[in-house]
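J.: make a model of this:
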Amino acid sequence: AAAVVPEAEGLRLHLSSNNRTGYKGVYRLTSGSFEVTKCENGKAVYLGCFGTAVEAAVAYARAVHEVPACQGEAPPLPAKRALESATAPPPPKRRSSSGSAAASSSSSASSSS
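T.: Residues are numbered from 1 along each chain as shown. From the prediction side, this is the model:
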C-alpha cells in the first residue's frame, strides 16, 4: 500500500483514520482503482474513479474547496452564489433599447407637427 501523504498538488488532503485508504471519501474498489465521493445535503455525490488514492484525495480536496496548503485557513467560499454569478447570463442592455425608443418617439413627434 502507498504511504498516506497530507498534501499533494498544493492542496491539504483530508486524512481519515477510519478509512482503510487513509483519506476521507476515498474507497478502494475490487478492480484496484479508487472511487471518491463527498457528502452533500446528506447524500453521497460521486466525484470519480482514479488510479491512486492520492489522485482521488486530491479530487475530494478540490470538490470541497480546500485552500492551498501554503495559504493556511481561509473562510469557506459561498459556493452557490459564486456558481450562480459565474454561470448567469449578463443582464440585457437597457440603454440601446431606450435609445431606439427615444429616437422613434422623436421622429413620430416631428412628423405629427
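J.: the strand or helix carrying Y46 pairs with which strands?
T.: Assigned by DSSP states H and E, Y46 falls within strand 43-50. If you go by DSSP bridges, strand 43-50 pairs up with strand 34-40 (antiparallel).
J.: which residue is the nearest non-sequential neighbour of G25?
T.: Leaving aside its chain neighbours, G25 sits nearest to Y60 (4.5 Å; criterion: CB to CB, 6 or more residues apart in numbering). Every residue, glycine included, has its C-beta placed from N, CA and C.
J.: can you check the pLDDT for the one you found?
T.: The pLDDT attached to Y60 in the predicted structure is 93.
J.: dump the residue contacts of it.
T.: L13, H14, Y23, K24, G25, V26, V36, K38, L47 (CB atoms under 8 Å, 6 or more residues apart in numbering).
J.: ok, now with 7 Å
T.: H14, Y23, K24, G25, V26, V36, K38, L47 (CB atoms under 7 Å, 6 or more residues apart in numbering).
J.: export the residues you listed to a markdown table and append columns for pLDDT, neighbour count and distance to E7.
T.: Formatted as a markdown table, those follow (pLDDT from 0 to 100; neighbours: other CB atoms under 10 Å; distance: CB to CB, whole Å):
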| residue | pLDDT | neighbour count | distance to E7 |
| --- | --- | --- | --- |
| H14 | 88 | 18 | 11 |
| Y23 | 92 | 23 | 12 |
| K24 | 92 | 20 | 14 |
| G25 | 93 | 23 | 17 |
| V26 | 94 | 27 | 15 |
| V36 | 94 | 25 | 17 |
| K38 | 91 | 16 | 19 |
| L47 | 93 | 18 | 19 |
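J.: before we move on, back to that, A strand includes the residue nearest to G25, no?
T.: No: counting by DSSP: H, G, I helix; E, B strand; the rest coil, one finds Y60 to be helix, located in no strand.
J.: what distance do you get for it to A3?
T.: 18 Å (CB to CB, to the nearest Å).
J.: what of G32?
T.: Separation of G32 from A3 (CB to CB): 17 Å.
J.: do you have the helices of this protein handy? List them.
T.: 53-63, 79-87, 94-112 (DSSP state H).
J.: okay, now A56: neighbour count?
T.: Residue neighbour count, defined by other CB atoms under 10 Å, stands at 26 for A56.
J.: alright, that wraps it up for me.
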